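What follows is a predicted structure for the sequence shown.
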Amino acid sequence: MDLHIELIPQPCWFSNLRTQVSKKDWDKIRHGVYDQQKMICAKCHEKKEVLEAHEVWNYDEKAHVQKLVDIIGVCKKCHCVIHFGRTQMMGYGQDAIQHYLDVNHATMVDFEIERLQAQEKWLRRNKITDWKLDVSFVENQGIVVKTNCP
């Protein structure tokens, strides 16, 4: 399975790279990703007219570090699956579930296992309130980041 649910720990909600770099730098980053991928979604592998930039994070729960490890282009439907918690709150959960099933050639049992595993990670990571942000992935490319995750 290529498409997964990635729930952001609550202490880091509303903090993303897009809001912490200049618009010019963000456009440079995301358009570079879209060009590199030739407008093909990194998850469902379909060619799209529009992609969204998705930040891929690694969470070191022992060191309390949220590290940016990649930025990929995904279609809106795949992005809704990835951010399933937010998608559910917005009322589009059923559409996201169907997309997950279609892309992964999965069953509802597969989805429920994925959802429960993602929720377990999220609950565990929510107990950490002092996440440190590591955005060296883009800083090493000369991008200036304004602030850190609280």
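That came in fine, so what should we check first? Numbers count the residues shown, from 1 in each chain.

Now do the helices in this structure.
17-20, 23-37, 76-82, 84-89, 93-104, 108-126, 136-139 (DSSP state H).

looking at these, which is buried most?
Mean neighbours per residue, mean count of other C-beta atoms under 10 Å, is largest over the helices of the chain for helix 76-82, with a mean of 22. The C-beta positions use only the backbone N, C-alpha and C, and glycine is treated the same way.

Return the distance of the nearest residue to Glu52 once chain neighbours are set aside relative to Trp26.
Among residues not flanking Glu52 along the chain, His79 sits closest, at 4.9 Å (C-beta to C-beta, 6 or more residues apart in numbering). Distance, His79 to Trp26, using C-beta to C-beta, to the nearest Å: 16 Å.

about what we covered before: switch the helices of the chain over to TSV; also include mean pLDDT and distance to Leu51.
Output for the helices of the chain, formatted as TSV (pLDDT from 0 to 100; distance: least, C-beta to C-beta, whole Å):
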stretch	mean pLDDT	distance to Leu51
helix 17-20	79	14
helix 23-37	93	5
helix 76-82	97	9
helix 84-89	92	17
helix 93-104	97	15
helix 108-126	96	23
helix 136-139	87	18
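
Out of those helices, which gets nearest to Ala53?
Closest of the helices of the chain to Ala53 is helix 23-37, at 3.9 Å (criterion: C-beta to C-beta).

Now tell me what touches the closest one from outside.
Among residues not part of helix 23-37, those counted as contacts by C-beta atoms under 8 Å, 6 or more residues apart in numbering are 17-18, 21, 51, 53, 71-73, 138, 143-144.

Filter those down to the ones in strands?
53, 71-73 (DSSP state E).
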